[in-house]
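>>> next one to model:
(chains A, B and C)
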Amino acid sequence: MGNVPGKIDQEDGYNDSRPNSSHSASSLADKQYDDEITSRVRTRHTTSLVNNILSGNNTRSRASSNISGSSRRKTSREKELAKEAHAKQLVVRCNETVDGGFLAPFGCYSFEKLDYDTTVIKNLITKRKLAPFYTPLQDFDESWTRDELIKIVDGLPLHDTFDEKLEEFEDVPIGNLRKPTYNDLIDKSLSKKEQRRMHAKIFRARLYKKRILWQENENESFLEKKLEMRQLGNKANSFGDDNSNRPKTNYHLPTDDLKYTLYKNGSECPICFLYFPEPFNYSKCCQQPICTECFVQIKRADPHFPHDDVDPTDPPTNDNEKDPNLLTSEPANCPYCATADFSITYQPPKNRKTGLGGISPDIYVYKVATTEKTNANQPPASVITSDTIRPSWETKLNKERSRLVRRSANATAIHISNRLIDPNHSSRRNTGHSGTPIQEESTSTSRSPEPTINEIEDQMVREAIRLSLEDQDNQKKSKNKTILRP
Amino acid sequence: MSKVPRNFRLLEELEKGEKGFGPESCSYGLADSDDITMTKWNGTILGPPHSNHENRIYSLSIECGPNYPDSPPKVTFISKINLPCVNQTTGEVQTDFHTLRDWKRAYTMETLLLDLRKEMATPANKKLRQPKEGETF
Amino acid sequence: MASLPKRIIKETEKLVSDPVPGITAEPHDDNLRYFQVTIEGPEQSPYEDGVFKLELFLPDDYPMEAPKVRFLTKIYHPNIDRLGRICLDVLKTNWSPALQIRTVLLSIQALLASPNPNDPLANDVAEDWIKNEEGAKAKAREWTKLYAKKKPE
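Presented below is the predicted three-dimensional model:
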């Protein structure tokens, strides 16, 4: 399996000793990291097939099934890598700041629900088109003095505590997290299906643990820097207010001025009820504030059939019987006024521009509000829709449609083969028939290895499936035009 | 992760059972659709293939007490079956059956039925002589 | 995630300190996402003078996901089934994270005041309601007396 995936684990996370030298360097490092991930995925894509055949870990079956088996494993491995890369992008990093906020969420919502496109979000925040993920205060008291407020802000963690007591992962072995593979943890005496299930479970447990470790690492270095800065800060005070005499800290920690500026004039997000620095994002339709952490939660409903009220007492309707092309998914509505196509606008703060692309947060000094009328010069705020941050919604919809098409094709196949009179009818693998993705389920009904079925019937079945697929494909193509808005 | 209270957990299970989202080899539903406490349930298990249970359908009654799912339900076979974990006079699945003994909150009635089905298919149990089909406890 | 979200704490505090008239909602001590609820039947409805018990649960993804609510008191209503499940748009497709426990309970109270037999959950009750509204209302009043009687104070 090679050392390729192993590198990922060693490099980031466990002993992350990368010096967080400067903004540009860190974002560059991230970019490199992204590229590496993609190239790794790509490398695996091209080599693993060869590897798998060469390693011959599944040689007992025919060559053809070996190929199909290993290619499935490869895609799931790719998916795992992508998931892991996504999780890594959700780590709140203390050097990735914009205007006093961060590029990853504090953790008010569960990890599973953070399925937005991290690259899109990070870019929007860095370009100041979306409010950064600020660390929320649970409460705010008007009567707090400057010192009290700064002390409270100083005590804020980068990320909310993780729920350690997850029952789900209680008995799941995770093995050595540094090792990229964990096949040795899987009970080989289990059925293939059970093994796959166990594999998925271990992956989730490992990812959960890794996320905690990644974030803890970041928290630690955050804390160290804070302590260091406090010492330097004390020294700095003895130098007086003259910045030129200040020792260069080179860290991305905010000055007291910045902390105070951020939090003294914050407000509560109407959805999570947490207190955040201003300015907020505002809904385009009704000008209501929404924090970024809540905004990234608003998304299209999952693909569904129109007017499917999910009435619990409805007689069970079989989705197999419905036309997959009718599956739809509408853009999210505004949570406040239910206007369709929810979108927000954001005006970046006028009194600060720190972090990535701005001045270093550790030299920010509060200046009394500039009286100049900057409004006219402000660029118009750009509009960000819920779909912008989950560009994959259309793929998801089409995937779900073709899943249903496949399923109903399977059902048709089973149905037809059941209706055939010959009890010894064998359903030979339809592998040779291109374009008909018959899954194992449909063939698992086979009883006798002997092909005693007469050729005409066999052909009829295949023809029926092919026609049904073709038909649905055509329908999909034409329906797509009407249902999906460009 | 918050704990889903008993009633909402049972409603989830009911919906899953009603919509047939679960596996085809077993099913379950509320015994009395008027029972707001959702205590009594019916279950069926389709006998596993390549065993003496093949093609048999077993009926069971399941009782989810007030402490479900913190405590396991009480399960009783209505159809007669010869299995070591089943009391041969009452049909009750004995509380030392591993799924009941090592019960976890995440387990559902479906878990239980599937595990019983697996139990029927173990090498030790699959060839056990079975009572005539259709007999009840 | 580990502790109770601020929003739930704040909503609970408000429900206790500034209750909605005719509605009570109190969390269980051992599960602060699980509420014991009572709703008084609206005046001039067949449910008048009745007190209905409900249970409400805030799932992990609340407020991105709607609260789960169910009647524990038997009620004759076209949009409430025999297990107490409620057919109400804001609990399903029209849920919005800007809504709250308070708004949901008010909507349920409003549903008692104006049943909607054209979008039924309890089909037999809805049929009854459409065919013979007076009779259905009489039965609803009868059930209210039978099952939802106010406890003497």
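
>>> and the longest strand for chain C?
Counting residues, the longest strand in chain C under DSSP state E turns out to be strand C:31-40.

>>> can you name every helix or strand that the next helix or strand after that one contacts?
Later in the chain than strand C:31-40, the nearest helix or strand by DSSP states H and E is strand C:51-57. Applying 3 or more Cβ pairs under 8 Å, 6 or more residues apart in numbering or on different chains; DSSP states H and E, one finds that strand C:51-57 contacts helix B:6-19, strand C:31-40, strand C:68-71, helix C:101-113. (Each C-beta comes from the backbone N, C-alpha and C, glycine too.)

>>> closest one to chain A among those?
Of all the helices and strands packed on strand C:51-57, it is helix B:6-19 that lies closest to chain A, at 4.8 Å by Cβ to the nearest Cβ.

>>> list the buried residues of the closest one.
Using 16 or more other Cβ atoms under 10 Å in any protein chain shown as the test for burial, helix B:6-19 gives B:6-11, B:13-14, B:17-19.

>>> and that helix, what other elements does it pack with?
Under the contact criterion of 3+ Cβ pairs under 8 Å, 6+ apart, helix B:6-19 touches strand B:26-30, helix B:109-121, strand C:51-57, strand C:68-71.

>>> any idea of the mean pLDDT in that helix?
Mean pLDDT, helix B:6-19: 92.

>>> show residues contacting it.
Applying Cβ atoms under 8 Å, 6 or more residues apart in numbering or on different chains, the external contacts of helix B:6-19 come out as A:312, A:316, B:4, B:22, B:27-30, B:38, B:64, B:66-69, B:108-110, C:55, C:57, C:68, C:70, C:83, C:85.

>>> of those residues, buried ones?
A:312, B:4, B:22, B:27-28, B:30, B:38, B:64, B:68-69, B:108-110, C:55, C:57, C:68, C:70, C:83, C:85.

>>> so residue C:25, which state does it fall into?
What DSSP: H, G, I helix; E, B strand; the rest coil gives for residue C:25 is strand.

>>> next, count neighbours for it.
Close neighbours of residue C:25, defined as other Cβ atoms under 10 Å in any protein chain shown, add up to 21.

>>> please apply the same query to residue A:358.
18.

>>> now swap in residue B:23 and tell me
12.

>>> hmm, it is touching residue B:110, no?
Yes: with contacts counted by Cβ atoms under 8 Å, residue B:23 reaches residue B:110, the gap being 7.4 Å.

>>> rewinding a little: tell me which strands the longest strand of chain C pairs with, and in which orientation.
The pairing partners recorded for strand C:31-40 under DSSP bridges are strand C:23-28 (antiparallel), strand C:51-57 (antiparallel).

>>> show me the contact partners of it.
If you take Cβ under 8 Å, 6+ apart as the criterion, strand C:31-40 is touched by B:2-3, B:5, C:4, C:8, C:12, C:22-28, C:50-59, C:62, C:69, C:101, C:105, C:108-109, C:112.

>>> which of the helices and strands packed on strand C:51-57 sits closest to residue C:134?
helix C:101-113 (17.1 Å; Cβ to Cβ).

>>> and that closest one, what's buried?
For helix C:101-113, by 16+ other Cβ under 10 Å, it's C:101-102, C:104-109, C:111-112.

>>> need these in JSON lines (columns: distance to residue A:130 and pLDDT).
Converted to JSON lines, the buried residues of helix C:101-113 look like this (distance: Cβ to Cβ, whole Å; pLDDT from 0 to 100):
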{"residue": "C:101", "distance to residue A:130": "30", "pLDDT": "97"}
{"residue": "C:102", "distance to residue A:130": "30", "pLDDT": "95"}
{"residue": "C:104", "distance to residue A:130": "30", "pLDDT": "96"}
{"residue": "C:105", "distance to residue A:130": "34", "pLDDT": "96"}
{"residue": "C:106", "distance to residue A:130": "34", "pLDDT": "95"}
{"residue": "C:107", "distance to residue A:130": "33", "pLDDT": "95"}
{"residue": "C:108", "distance to residue A:130": "36", "pLDDT": "96"}
{"residue": "C:109", "distance to residue A:130": "39", "pLDDT": "96"}
{"residue": "C:111", "distance to residue A:130": "38", "pLDDT": "95"}
{"residue": "C:112", "distance to residue A:130": "43", "pLDDT": "96"}
